[in-house]
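S.K.: Just to be clear, the model below is a prediction. Sequence and coordinates:
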2 protein chains.
Amino acid sequence: MIQADTDAIVRVVRSCVCGSDLWSYRDTFKREPGSRYGHEFVGVVEAVGSAVTKVKIGDLVVAPFSYGCGTCWWCEQGLPTSCPNRGTWGSGSEDGAQGEALRTPYADANLVVAPGGTAAYDDARLLDLLACSDVMATGLHGAVMAGVSEGSTAVVVGDGAVGLCAVLGAVAIRKAHRVILLSRNPARQKVGHRFGATDIVTVRGQEAKEAVLDLTDGHGAAHVIEAVGTADSWQTALDVVSDGGQIGAVGVPHTAPTLVTKPLLGRNLGVRLGLCPVRHYLDDLVGRVVAGTLAPGAVFDVTLPLEKTPEAYALMDRREAIKVALVP
Amino acid sequence: MIQADTDAIVRVVRSCVCGSDLWSYRDTFKREPGSRYGHEFVGVVEAVGSAVTKVKIGDLVVAPFSYGCGTCWWCEQGLPTSCPNRGTWGSGSEDGAQGEALRTPYADANLVVAPGGTAAYDDARLLDLLACSDVMATGLHGAVMAGVSEGSTAVVVGDGAVGLCAVLGAVAIRKAHRVILLSRNPARQKVGHRFGATDIVTVRGQEAKEAVLDLTDGHGAAHVIEAVGTADSWQTALDVVSDGGQIGAVGVPHTAPTLVTKPLLGRNLGVRLGLCPVRHYLDDLVGRVVAGTLAPGAVFDVTLPLEKTPEAYALMDRREAIKVALVP
């Protein structure tokens, strides 16, 4: 139900399960029974408040996983994740996307219209749009924060949906010359190749370090995207980055790894971490999907009806699916 | 005495004491009795090896505080601090600059000639050149790593010689619009003003945070230079940087503070730490001093003869001098 005149009600067309949802599934992050879940969705606008002028009833829209007010200083800087009025779907009292419909505050500021409505997109393209809601934007944000630029060499640590999208962002958008993906899972390696990874390192730890150094004349890579968020993945990122290089980190640090500053100083290393301000990237990403030049939807290897959401969690928990899309 | 054909022997004209020398003075960093000290100097070339072609006997030269081979991949990248053949004066078996003369390996690759010889520079200008050997380059490196750019706002945490030179680098070279210096010491504040600080915050801790937020519409500064290296100074840097901002850190982390990654992620913060690759900046800095457009020598507020070196350490240890120059 519309509560503020800037609200819209959006009926979900596609949503999905995020790796971060698994924390509470695994009970490592406590949530109240009955909490709503899901922060990624594509949907159709069903109702709008009186102040909503850009988004119209019937529009197919892509939502960023978190919203901002769109008018504060932070939103104007392209950093809605720091907006004092920010919110994330399926968090606190917000409606969740793993459901049938949501109330979306500040609709004009956050929802991006995919032209043509649902009729213009087949199943695969709907998943391309859905990926822009979080993982594609987050992977690209990692590549941007790692300073990946045209002709550069990057390493991606993490073969989850975000890591795979980081490969795609580094190759297709940031125009890296070489992208080395660390992955031990054949299904994920396949998506990594499809997304443009030039090399795949199938070992981990000290062996991964040696493999990346072998591939980079012993120097390491100038750009590393950390897309896991554990102490181990950070160690690997530090092992494979070249002195003077830059780590862009998007893996939500659930175990809150710490960085010792002294070795970073001696090696002239930069690190940048960021919860992705999706809205900042969303016009561009949706535009690329609409134009047919970006297809991140391959990270969804399973699609289930909404009522099978528990099975979606179980598949991802057992790493039998990369990312499961849900259809209400 | 020349040992390799790429060596030069340089007679010291000016050297100085570094804040980092005080660690061993204070016995917090153990060194062997009889170790040589001093890593910053300006001198006259007295002898050269047979392979030295650029640097000539009689040249006035400025030395970077650490040297590289000049020909490896790292040196070619402008990162001699990662050269496998790197060395630092007054460290390990290297000659120290707090003495009469040094053997300098890879002379052509490291020593930068100040044209005209000693006759072309008065006492003040010799100190300007001396500052380029470490603190001016290091301060500028902090500003570069913090991403200070034309028209930007920066905060400098630390009012030692490096912090003051960071102010000068941010203002005179990186063209910042506004530079806020944190300093509680009137003598250092005076140099800060002379170097172009637009605002000086004379409190610390929580009060400093509030003062900087007041000066920046509550947002903090997009660029912060951390020039101390303690847990407290890092906390202040994190307190005053705006979300989405960048900390450039040159304070050698003697107590090795650690960074907790999770808050950095939520705030979209970048940090870059670096031991300054002085040689990368030295041609430009010496050129500016020679042209009369850069005068960092004001960080030397006391000059003593070499035999009074113990007094120089005592003055700096008691914070009665910012930085003491030594004349052999």
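M.R.: On my side now, so go ahead.

S.K.: only C-alpha atoms for contact and neighbour calcs from this point on.
M.R.: Will do.

S.K.: Walking through the stretch 51-200 of chain A, point out its strands one by one.
M.R.: Ranges of strands in the stretch 51-200 of chain A, per DSSP state E, counting those that start in this stretch, are A:60-63, A:66-67, A:87-88, A:101-104, A:112-113, A:153-157, A:178-182, A:199-201.

S.K.: In the sheet, which strands lie alongside the first one, parallel or antiparallel?
M.R.: The one in question is strand A:60-63. For strand A:60-63, the paired strands and their directions (DSSP bridges) are strand A:41-48 (antiparallel), strand A:112-113 (antiparallel).

S.K.: what does the second one give?
M.R.: Counting by DSSP bridges, the strands paired with strand A:66-67 are strand A:87-88 (antiparallel).

S.K.: where does the residue lying closest to residue A:96 once chain neighbours are set aside fall, phi/psi-wise?
M.R.: With CA to CA, 6 or more residues apart in numbering or on different chains as the measure, residue A:90 is the residue that lies nearest to residue A:96, at 3.7 Å, once sequence neighbours are left out. Summarising the backbone geometry of residue A:90 under the convention degrees, to the nearest 10, its torsions are phi 70, psi 30.

S.K.: picking up where we left off before, winner for burial among the strands of the stretch 51-200 of chain A?
M.R.: Highest mean neighbour count of the strands of the stretch 51-200 of chain A: strand A:153-157, a mean of 30 (counted as mean count of other CA atoms under 10 Å in any protein chain shown).

S.K.: Run through who's touching that one.
M.R.: Contact with strand A:153-157 is made by A:148, A:163, A:166-167, A:170, A:176-183, A:221-228, A:233, A:236-237, A:240-241, as judged by CA atoms under 8 Å, 6 or more residues apart in numbering or on different chains.

S.K.: now the angle between strand A:178-182 and that strand, please.
M.R.: Put simply, strand A:153-157 runs at 20 degrees to strand A:178-182, going by axes from the mean of the first three to the mean of the last three CA atoms, to 10 degrees.

S.K.: okay, strand A:153-157 in CSV with CA atoms only?
M.R.: Taking C-alpha atoms only, strand A:153-157 is exported to CSV below (Å, rounded to 0.1, in the frame of the first residue of the first chain):
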residue,chain,number,x,y,z
THR,A,153,45.6,-7.1,-16.0
ALA,A,154,43.2,-8.1,-13.2
VAL,A,155,42.7,-11.0,-10.9
VAL,A,156,39.3,-11.9,-9.5
VAL,A,157,39.3,-13.7,-6.1
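
S.K.: Could you measure from residue A:76 over to chain B?
M.R.: For residue A:76, the distance to chain B under the criterion CA to the nearest CA, to the nearest Å works out to 12 Å.

S.K.: Enumerate every residue touching the residue nearest to that residue when sequence neighbours are not counted.
M.R.: If the residues on either side of it in the chain are set aside, residue A:76 comes closest to residue A:70, at 6.9 Å by CA to CA, 6+ apart. The contact partners of residue A:70, by CA under 8 Å, 6+ apart, come to A:76, A:80, A:106, A:109, A:110.

S.K.: Show me which of those is closest to residue B:32.
M.R.: Using CA to CA, residue A:80 comes nearest to residue B:32 of the contacts of residue A:70, at 54.6 Å.

S.K.: thinking that closest one is in contact with residue A:279, fair?
M.R.: Yes - under the contact definition of CA atoms under 8 Å, residue A:80 touches residue A:279, with a separation of 7.4 Å.

S.K.: thinking again about what came up before, out of the contacts of residue A:70, give me the one that has the most neighbours.
M.R.: In terms of neighbour count, residue A:80 stands highest of the contacts of residue A:70 at 27 neighbours, by other CA atoms under 10 Å in any protein chain shown.

S.K.: contacting residues for it?
M.R.: By CA under 8 Å, 6+ apart, residue A:80 lies in contact with A:67, A:68, A:69, A:70, A:74, A:86, A:277, A:279.

S.K.: among those residues, which are in helices?
M.R.: Among the contacts of residue A:80, the ones falling in helices (DSSP state H) are A:74, A:279.

S.K.: How much space separates residue A:105 from chain B?
M.R.: Using CA to the nearest CA, we find residue A:105 at a distance of 21 Å from chain B.

S.K.: does that residue really touch residue A:1, like I thought?
M.R.: No - Residue A:105 sits out of contact with residue A:1 when judged by CA under 8 Å, with a separation of 11.1 Å.

S.K.: Which one of the two is surrounded by more residues?
M.R.: For residue A:105 versus residue A:1, the count of surrounding residues by other CA under 10 Å is larger for residue A:105: 26 against 13.

S.K.: ok, the residue lying closest to that one once chain neighbours are set aside - how many residues close by?
M.R.: Spatial nearest neighbour of residue A:105, chain neighbours left out: residue A:7 (4.4 Å); criterion: CA to CA, 6+ apart. A count of nearby residues for residue A:7, using other CA under 10 Å, gives 21.

S.K.: Go ahead and confirm residue A:7 touches residue A:106.
M.R.: Yes - taking CA under 8 Å as the contact criterion, residue A:7 and residue A:106 are neighbours in contact, 5.6 Å apart.

S.K.: Spell out which parts of chain A neighbour chain B.
M.R.: A:79, A:81-82, A:243-244, A:249-250, A:252-254, A:256-262, A:264-275 (CA under 8 Å from any CA of the partner chain).

S.K.: Out of the contacts of strand A:153-157, which sit inside helices?
M.R.: The helices in this structure, assigned by DSSP H, contain A:163, A:166, A:167, A:233, A:236, A:237, A:240 from those.

S.K.: Contacts only, for the residue lying closest to residue A:15 once chain neighbours are set aside.
M.R.: For residue A:15, the nearest residue in space outside its immediate sequence neighbours is residue A:41; the separation is 4.4 Å by CA to CA, 6+ apart. Residues in contact with residue A:41 (CA under 8 Å, 6+ apart) are A:12, A:13, A:14, A:15, A:16, A:62, A:63, A:65, A:97, A:130, A:133.

S.K.: So residue A:252, which state does it fall into?
M.R.: Per DSSP: H, G, I helix; E, B strand; the rest coil, the local secondary structure of residue A:252 is coil.

S.K.: what's the spacing between it and residue B:97?
M.R.: If you measure residue A:252 against residue B:97 using CA to CA, to the nearest Å, the figure is 47 Å.

S.K.: Equivalent analysis for residue A:239, please.
M.R.: Taking CA to CA as the measure, residue A:239 and residue B:97 are separated by 35 Å.

S.K.: Just give me the neighbour total for the closest residue to chain B within the stretch 1-150 of chain A.
M.R.: Going by CA to the nearest CA, chain B is nearest to residue A:82 of the stretch 1-150 of chain A, at 6.8 Å. By the criterion of other CA under 10 Å, residue A:82 has 23 neighbours.

S.K.: Test my guess that it contacts residue B:245.
M.R.: No - counting by CA under 8 Å, residue A:82 stays clear of residue B:245, with 11.9 Å between them.
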